[in-house]
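Trainee: Here is my input; please provide its structure:
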Amino acid sequence: MSTETGSVELVGEQTVGNIARTALFAAIVGAFAQVSFPNPLAPAIPVTLQVLGIFLAGIFLGPLWGSASLVLYLVAGAVGAPVFAGGSAGLVNVVGDLTSGYLLSYPFAAFAIGAIVHDGLTLRDPKRADIVRLVGGMVVGTVIIYAFGTVGFSYFGDYGLVEAFMLSAVAFIPFEAFKIAAAVGIVRNDRVTAE
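Mentor: Just a heads-up that it's a prediction; the model follows:
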């Protein structure tokens, strides 16, 4: 008696690739969080490269996988991986700290950036997006990050919303402009591909 077994593909090759890229971008954001320095205009919150990672996740992974990478990043940090600014970790960083609002905004920002750059949920080549779409997506993502960040900073720091906005958003605009320019440069670089 002979039995033949055929090859059964449980998960498609594209899905495996997307999962790998999702994990890679979660790690990139964690690495970028370690690059931090004090903001002279708002010493309570350091300037990090995390937001550049969020920009790139949304741009290169699209709305669904980009936001998934940031959820993975938050889960890794919440369970103890030292991936938050300054090598910190733990659930308190996500739901009980001055910077919690920023962290919670990341999946939403990556989703919005990806949806704008890719003109919907379908992943397209980000190099085909025009500069207005690229910059517009990152500006919308920044607004989402600032909105969540301001509310979290106000709540956990016991500041009024206007003061919190000045300290947790306005003080960071020059740095975000630099990150937007860097992200455009990375996307437009011929040595970087989305595949």
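Trainee: I'd say residue 106 and residue 75 touch.
Mentor: No: under the criterion of C-beta atoms under 8 Å, residue 106 makes no contact with residue 75, lying 11.7 Å away. All C-beta spots, glycine's among them, are computed from the backbone N, C-alpha and C.
Trainee: Looking at those two, which one has more neighbours?
Mentor: For residue 106 versus residue 75, neighbours defined as other C-beta atoms under 10 Å are more numerous around residue 106 (27 against 12).
Trainee: where along the chain do the helices fall?
Mentor: Secondary structure of the chain (DSSP state H): helices at 13-33, 50-78, 91-95, 100-117, 131-157, 161-168, 173-188.
Trainee: which strands and helices sit next to the second one?
Mentor: Same thing as helix 50-78. Secondary structure elements in contact with helix 50-78, counted by 3 or more C-beta pairs under 8 Å, 6 or more residues apart in numbering; DSSP states H and E, are helix 13-33, helix 91-95, helix 100-117, helix 131-157, helix 173-188.
Trainee: Quick one: mean pLDDT for stretch 58-75?
Mentor: Mean pLDDT, stretch 58-75: 97.
Trainee: which of the residues in it are buried?
Mentor: Judged by neighbour count (16 or more other C-beta atoms under 10 Å), stretch 58-75 contains these buried residues: 58-70, 72-74.
Trainee: Check stretch 178-195 too.
Mentor: Within stretch 178-195, the residues that qualify as buried by neighbour count (16+ other C-beta under 10 Å) are 179, 180, 183, 184, 186, 187.
Trainee: which residues touch it?
Mentor: With C-beta atoms under 8 Å, 6 or more residues apart in numbering as the test, stretch 178-195 has contacts from 49, 51-52, 55-56, 59-60, 125-127, 129, 131, 134-135, 138-139, 142.
Trainee: Of those residues, keep whichever come out buried.
Mentor: 49, 51-52, 55-56, 59-60, 126, 129, 134-135, 138, 142.
Trainee: With respect to residue 83, which of those is nearest?
Mentor: Lowest distance from residue 83 to the buried ones among the contacts of stretch 178-195 (C-beta to C-beta) belongs to residue 49, with 12.7 Å.
Trainee: which ones are touching the residue lying closest to that closest one once chain neighbours are set aside?
Mentor: Using C-beta to C-beta, 6 or more residues apart in numbering and skipping residues adjacent in sequence, the residue nearest residue 49 is residue 32, 3.7 Å away. The neighbours of residue 32, taking C-beta under 8 Å, 6+ apart as the test, are 48, 49, 50, 52, 53.
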